[in-house]
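Undergrad: sequence unknown, structure follows:
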């Protein structure tokens with residue numbers, strides 16, 4: 001997210017638990033300056049192979065509440081960022097569409113270091129591809145760290161999301177397939193999706 005009015009509309013109408021701000025310059029969703037309005041929900045800074053100094057500056061500028069590391073950051077780097085910022089760390093793990101070997105290895109390396117994983121589809125563009133991987137691969141995950149499900153979830157996936165279960169899955173990440181332009185979300189589409197997935 002980066003447009004202040006779109007941020008406000010999504011916050012007030014959709015009520016997300018978290019909202020992400022991408023600080024990787026290679027992304028078309030890159031946030032180059034602090035928006036005039038920032039949400040009250042958990043603000044997540046999304047980084048790709050950053051320096052510690054870069055992370056600290058963005059934490060200060062944006063009042064971040066959590067750090068998402070979406071590159072090739074080592075377990076030791078994750079540990080240092082968590083210690084330095086005092087914030088929860090979300091480590092992104094890229095998953096091949098039908099291959100669980102690397103996902104299992106990377107998850108085990110960061111277990112007990114990070115607070116959450118976010119499993120995304122492996123792609124050349126470092127996330128935001130709109131493509132899905134085989135979610136059933138995640139059934140082989142037996143760790144204790146909770147995770148978020150990501151990777152091309154969009155309109156039409158409501159029934160699939162409702163039926164899919166894992167004891168450590170605490171939520172889903174909605175991004176590119178709910179955009180009308182890079183970093184600009186379709187509020188009505190998000191509301192419709194949420195109402196269909198979350199039923200009393």
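TA: Yep, that arrived. For clarity, every value in this text was computed on a predicted model and none was experimentally measured.

Undergrad: so where's the chain shaky on pLDDT?
TA: For the chain, the stretches with pLDDT under 70 are 97-103, 105, 123-130, 199-200.

Undergrad: any idea where the helices of it begin and end?
TA: Counting by DSSP state H, one finds helices in the chain at the ranges 4-14, 52-62, 75-85, 101-110, 158-163, 187-197.

Undergrad: just so I know, which of those helices lies nearest residue 181?
TA: helix 4-14 (9.5 Å; Cβ to Cβ). Where you see a C-beta, it was placed from the backbone N, CA and C, and this is true even at glycine.

Undergrad: Test my guess that residue 191 contacts residue 10.
TA: No. Residue 191 is beyond contact range of residue 10, at 9.4 Å (criterion: Cβ atoms under 8 Å).

Undergrad: pretty sure residue 36 contacts residue 3?
TA: No. Counting by Cβ under 8 Å, residue 36 stays clear of residue 3, with 9.7 Å between them.

Undergrad: So those two - more neighbours on which side?
TA: residue 3 (16 against 10; other Cβ atoms under 10 Å).

Undergrad: about what we covered before: between residue 191 and residue 10, point out the one with more neighbours.
TA: residue 10 (23 against 14).

Undergrad: give the contact list for that one.
TA: Neighbouring residues of residue 10 by Cβ atoms under 8 Å, 6 or more residues apart in numbering: 1, 16, 19, 39, 185, 187, 190.

Undergrad: Could you dump these into CSV and include distance to residue 94 and neighbour count?
TA: Supplementary listing: those in CSV, determined by distance: Cβ to Cβ, whole Å; neighbours: other Cβ atoms under 10 Å:
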residue, distance to residue 94, neighbour count
1, 22, 24
16, 23, 18
19, 22, 19
39, 27, 19
185, 23, 23
187, 29, 17
190, 25, 19
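
Undergrad: Tell me the one of these nearest residue 174?
TA: Closest approach to residue 174 among the contacts of residue 10 (Cβ to Cβ): residue 190, at 6.5 Å.

Undergrad: Tell me who's in contact with the closest one.
TA: Here residue 190 is in contact with 10, 13, 14, 174, 178 (Cβ under 8 Å, 6+ apart).

Undergrad: Tabulate these (TSV), appending distance to residue 69.
TA: Converted to TSV, the contacts of residue 190 look like this (distance: Cβ to Cβ, whole Å):
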residue	distance to residue 69
10	23
13	29
14	25
174	20
178	23
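
Undergrad: and the two most separated of those?
TA: Between any two of these (Cβ to Cβ), the greatest distance is 13.7 Å, for 13 and 174.
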